[in-house]
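Asker: Provided below are the primary sequence and the corresponding predicted coordinates.
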Amino acid sequence: MQRILFCLFIFFYLLPLFGQVEDLDSIGFSIDLDQFVISANYEPTHYKEAIHDVEVISKKAIQLRGAINLEQALTISPSIRLEQDPILGTSIRMRGIGSRNVAILVDGVPVIGRLGGSIDLSQISLQNVERIELVEGALSNFYGNNAAGGVINIITKKSQVKPLEANISGQLESIGSQNIEAGIGYKMKKASLRIHGRYFNYNQYPIDSLRRTEEVILSDGTKITQSIYPLNPKTQASLGSVFRYQFDDQSDLTLKYDRMQEDVDDYGAIRRLQFNPYANEIFFNTKREDLSLNYKKSWDQLYLEFTTAYNQFDRIVDEQRYYIETDSFDIDLQNQDTTHFDNFFNRLVLSYPINDRLKVNAGINYNKERGYGDRILDRNNLKDSTRASFTEVAPFFDFNYDFSKELKVSFAGRQTIHSTYQGKFTPSIQAVYNPTTKWTLRGGYAQGYRSPSLKELYLEFVDVNHNILGNTNLLPETSHDFRLGMDYEISKAFSTSVNVYRTLIEERISLFEYETLKFRYDNVDTYEVRGLQASLSIKTRNAQWDNSSNLGFWSTNLDDTSAPEYGRVFDFNSSLLYKLPIKNLTAFINYRFNGEQPNYSIRDNNVQVSIIEAYALLDFSLNYAMTKQSAKFTLGIKNLLDIDNTATRGGASTGVHSAQGRNVIGPGRSFFLQMAYNFN
């Protein structure tokens, strides 16, 4: 059935693609010809001259999909797989590399608050976002820790043209979610100030329905009980501001502040139905607070950028027993867990051309992370064992040499000085070759680095249901990344690319069972991924068709002759933007296919395999923009095929808190209406 739908979908795509060639605004990952990117570069750089391949998700693509957070925006990238956890939220794999080794940034500043090694992508809203830049491979030379597998950098809007600008937008979805955003900006000569806010609420089912469970028989005959509706009610509220002062054409200062609060309610199943029934309920409250200052200055030759930031993450978990008949909580059976992280971040970058061929970029990064809470225990801290911290100082450099107009080579390095570990030098060498205006070749090697997190070092989570310990003897992870790619732009209407890659992570940190039902973090093994990526983009007068795919081979790490060395994973995404005959009306279709994901393990001296079944997502929307673009209306359907979960053959599951035998995808089919108006 999925193959039939896929063929019909491709056939439908091809119908409008015959017409006179003409430029069309970019969607998906195609980059506008005048697009400049900053990720993996030390200053704004044209995408053709960038050493790394940078994929861009534009603001327009975000709007057409009705995406309201980073989780929803990233679903169109075939190199990214999302993993749902009802408690920890949504995490990712980028080219098979887990989220522990993928840095999430906002304007180059790391997002903190990793739980289970992952950042909940649904907590990162896209309000005030200009674009999202994705760079795959080791980027520790510039971004340091957690960037051994790739970087996702959210670029926000910082300036405005007119003296007074304001906007308001709202999105309603049939699954019971509402998203409201508003902002206002004022510009006076050299200074501008913008304030924006957002409110989001998701509540698809009544509380009584959320308590319902069902019995499921797995493929091995095991019976388990799981929640019928695993996604929890959620509310989010955020407020932010951006102040920018333009000293002159060569220098500016930007001050940003953002605050977000999220509440998630996890309603438990009803127990003891015959006498005084009750349910165990868990309430999660998360707060994020981010303050950053960025200063840029350009002289005739020298470019300087300085960034300083303070980020704070707090999470309070309240566990309570709720009695159904009396509608009351048992004050004697309450438990609260707190987690707090904060981070001080500073980075200084200087860029200077020595001559016409050699350009030097150099800088220094200072990072201090602190954490405390009920489950943090640093026994070496005699003053307060519930607090832990580490600091990292890292000078870095990048020599860019132009051997010719066609060939540019970069040699970079970073010396990490860590308060807990010995110093680590991570080198890289990258090259970009443009033999003609149509061809671009890129390739290189880079080392990555990830030091253990505070939780991996100092976690002590022991209760009636858990026994998980950190390990102060952990070693840092080191990655080796190889890549080679080719871009071919036949004309403005037709372009294609092919990339091959290989990433190896040594001393990979994992949670393993050292005794029955007792777990501990340790450097368990090495991990390798290999793969091939391909893309094709076609533009006509009325349409743009973007296709991209990723074929990955993920190592199984099983020391058994009967076990395969790699498991194969295939992903494909295809997007079509079509200008309809009615003025200012466009249609957008996105098809995403996730192939089977095998997971291998050894049990009772036998190789066991569990497979997360393949699934497809299909989205459709119509977008109408009024004259002068002052008002926009988007009407669409997310997940047209109504896929809310897939089976996991063999009994494994993806998320830590996911039910066995089920891979949660999302809330199912959703109709949405988005309305936006700009006052200027």
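Answerer: Happy to help now that I have it.
Asker: Can you pull out the low-pLDDT segments for the stretch 501-650 of the chain?
Answerer: Across the stretch 501-650 of the chain, the ranges flagged by pLDDT under 70 are 560-561, 602-605, 607, 627-629, 650.
Asker: make it 50
Answerer: Across the stretch 501-650 of the chain, nothing is flagged by pLDDT under 50.
Asker: could you pull out the strands for it?
Answerer: 518-539, 543-555, 566-579, 585-594, 597-603, 606-612, 615-625, 631-638, 645-649 (DSSP state E, counting those that start in this stretch).
Asker: Please convert those to JSON lines, extending it with distance to Arg271 and mean neighbour count.
Answerer: C-beta coordinates here come from the backbone N, C-alpha and C atoms, glycine included. Converted to JSON lines, the strands of the stretch 501-650 of the chain look like this (distance: least, C-beta to C-beta, whole Å; neighbours: other C-beta atoms under 10 Å):
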{"stretch": "strand 518-539", "distance to Arg271": "26", "mean neighbour count": "19"}
{"stretch": "strand 543-555", "distance to Arg271": "40", "mean neighbour count": "21"}
{"stretch": "strand 566-579", "distance to Arg271": "39", "mean neighbour count": "20"}
{"stretch": "strand 585-594", "distance to Arg271": "36", "mean neighbour count": "21"}
{"stretch": "strand 597-603", "distance to Arg271": "31", "mean neighbour count": "17"}
{"stretch": "strand 606-612", "distance to Arg271": "29", "mean neighbour count": "17"}
{"stretch": "strand 615-625", "distance to Arg271": "33", "mean neighbour count": "19"}
{"stretch": "strand 631-638", "distance to Arg271": "35", "mean neighbour count": "19"}
{"stretch": "strand 645-649", "distance to Arg271": "24", "mean neighbour count": "18"}
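Asker: so which of those strands gets nearest Ser251?
Answerer: strand 631-638 (34.5 Å; C-beta to C-beta).
Asker: now what about that closest one, what contacts it?
Answerer: With C-beta atoms under 8 Å, 6 or more residues apart in numbering as the test, strand 631-638 has contacts from 63-66, 173, 588, 619-626, 669-678.
Asker: repeat that for 6 Å
Answerer: 66, 619-625, 670-677 (C-beta atoms under 6 Å, 6 or more residues apart in numbering).
Asker: Looking at the residues you listed, which is nearest Asp559?
Answerer: For the contacts of strand 631-638, the nearest to Asp559 is Asp619 (42.5 Å; C-beta to C-beta).
Asker: tell me which of the contacts of strand 631-638 is nearest to Gln250?
Answerer: Nearest to Gln250 among those: Ala676, at 34.2 Å, using C-beta to C-beta.
Asker: contacting residues for that closest one?
Answerer: Residues near Ala676 by C-beta under 6 Å, 6+ apart: 169, 632.
Asker: What strand or helix carries it?
Answerer: Assigned by DSSP states H and E, Ala676 belongs to strand 670-679.
Asker: Just give me how far that strand sits from the chain centre.
Answerer: 24 Å (C-alpha atoms, centre = their mean, to the nearest Å).
Asker: Equivalent analysis for stretch 568-583, please.
Answerer: 21 Å.
Asker: for stretch 586-596, same thing?
Answerer: Distance, centroid of stretch 586-596 to centroid of chain: 18 Å (C-alpha atoms, centre = their mean).
Asker: ok, now how distant is His480 from Ala237?
Answerer: Using C-beta to C-beta, to the nearest Å, His480 is found at 43 Å from Ala237.
Asker: Check Leu617 too.
Answerer: Applying C-beta to C-beta, the value for Leu617 to Ala237 is 28 Å.
Asker: Done for today, thanks.
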